[in-house]
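**Q** structure here, sequence nowhere to be found:
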């Protein structure tokens, strides 16, 4: 697998967008602001296979930018911290693996999420972003995450 990725990186690595995490977090922040103003727009952004079959192809991309939690109440502050945490995790993984490998990892996760939605129905990007945490924990096992002064 590593040889295959190395060969692909040598051939297509110059086309890989760098700092992908920044754009993901920025678009999730924009979507959060949009959902804060118009909460019912969430139903237009979730990856729903039956809606995609009816011609709503934008759902294949927009689900990637759904923020965690709700745009109102106590979840709003959680979403801001989740976006900061996602940025920390994503930039660390991209710095460790390189832009091409991180982009391939994220692309495979996005395609896998789309395919899993065909089996289980409507999904959000939680199935895509949580494996980033697992990869981060595997690569950086000594990294301490603190909630105020309590380690998590």
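**A** Thanks, I have the structure now. The model shown is predicted, which means the values in this text are computed figures rather than measured ones.

**Q** chain neighbours aside, what residue packs nearest to the residue most central in space within the chain?
**A** What sits nearest the mean C-alpha location of the chain, by C-alpha atoms, centre = their mean, is residue 129, with 4.2 Å. Take residue 129 and drop its neighbours on the chain: the residue closest to it by C-beta to C-beta, 6 or more residues apart in numbering is residue 86, 6.2 Å away. From N, CA and C alone the C-beta is placed, and that goes for glycine too.

**Q** help me confirm that the one you found comes into contact with residue 136.
**A** No - using C-beta atoms under 8 Å, residue 86 is not in contact with residue 136, being 10.1 Å away.

**Q** coming back round to it: contacting residues around the residue nearest to residue 129?
**A** 21, 24, 25, 28, 129, 132 (C-beta atoms under 8 Å, 6 or more residues apart in numbering).

**Q** contacts only, for the fourth one.
**A** Contacts for residue 28 were tallied using C-beta under 8 Å, 6+ apart; they are 65, 66, 67, 83, 86.

**Q** please report how far it lies from residue 143.
**A** 22 Å (C-beta to C-beta, to the nearest Å).

**Q** cool, and the last one?
**A** Residue 132 sits 13 Å away from residue 143 when distances are taken as C-beta to C-beta.

**Q** all strands for the chain, in order.
**A** 146-147, 150-151 (DSSP state E).

**Q** adding mean pLDDT and mean neighbour count, write these out as a markdown table.
**A** Shown next, in a markdown table, are those (pLDDT from 0 to 100; neighbours: other C-beta atoms under 10 Å):
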| stretch | mean pLDDT | mean neighbour count |
| --- | --- | --- |
| strand 146-147 | 75 | 8 |
| strand 150-151 | 76 | 7 |
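
**Q** among the contacts of residue 28, who's most crowded?
**A** residue 67 (28 neighbours; other C-beta atoms under 10 Å).

**Q** show me where pLDDT drops low in the protein?
**A** 1, 68-75, 152 (pLDDT under 70).

**Q** coming back round to it: narrow the contacts of residue 28 to those in helices?
**A** 83, 86 (DSSP state H).

**Q** just curious, which of the contacts of residue 28 is nearest to residue 52?
**A** Taking C-beta to C-beta as the measure, residue 52 lies nearest residue 66 of the contacts of residue 28, at 15.3 Å.
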